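1. structure for this input, please:
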Amino acid sequence: MITVLPKTKKIFLPNIGTVRTRVVEERESVDGELVEVSRNFFAICKKTNDVFYFGEDVDNFNEDGTITHEGSWLAGVAGAEPGIIMPGTFLLGSRYFQEQATGIATDRAEHVEMGIEVTTEAGTFNDCVRVLETTPLEPGAESEKIYAPGVGLVVDDVVELVKFGFIKDDDDDD
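-> The predicted model follows:
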């Protein structure tokens, strides 16, 4: 389940300053058991409309009851830099890094299709784009995502959007 939270997080980047990001929470379950909760940090560049990804805080719930944080990273820490989750201008065939945390998160994206129509439980969306994601950390693994204008992610591999709406910002930063 993906939820855009009414929360923000300020992230400091050397040579740039502080960036206010939106927190998006993802909860992943396997056979009804919660296995991961991640809080992802995004911001839109008002000049270009690029959506930047500033990292994620991950809680992994293991079968033995322990919690680990594998996969966590934050731009501005240990050499990690923000990636682009979605450029403001979609160019077919373009490629870019979504995550830039060496050895932790290095997802890459390629624009493979545009102008498509997608129907999910939440409705029918036009002018959608298809993005193929890969990572050198898992050679051969691929993930397909479909984004709709004005909505965002509507298909993530086999998971589809069931509901969406707008949130009021509570102006509370972490």
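2. element containing the closest residue in space to Ser72 that isn't next to it in sequence?
-> Across the structure, with CB to CB, 6 or more residues apart in numbering as the measure, the residue nearest Ser72 apart from its sequence neighbours is Val58 (4.6 Å). From N, CA and C alone the C-beta is placed, and that goes for glycine too. Per DSSP states H and E: Val58 is located in strand 51-61.
3. I'd like the mean pLDDT over that strand, please.
-> The predicted model assigns strand 51-61 a mean pLDDT of 95.
4. got a pLDDT number for Gln166?
-> For the record, residue 166 is Phe, not Gln. Note for Phe166: predicted pLDDT of 65.
5. show the pLDDT at Val151.
-> The per-residue pLDDT of Val151 was computed as 84.
6. and for the residue nearest to it when sequence neighbours are not counted, the neighbour number?
-> Leaving out its chain neighbours, the residue that sits closest to Val151 by CB to CB, 6+ apart is Phe164, at 5.8 Å. Phe164: 16 surrounding residues under other CB atoms under 10 Å.
7. how much space between Phe164 and Val37?
-> Per CB to CB, to the nearest Å, Phe164 is found 20 Å from Val37.
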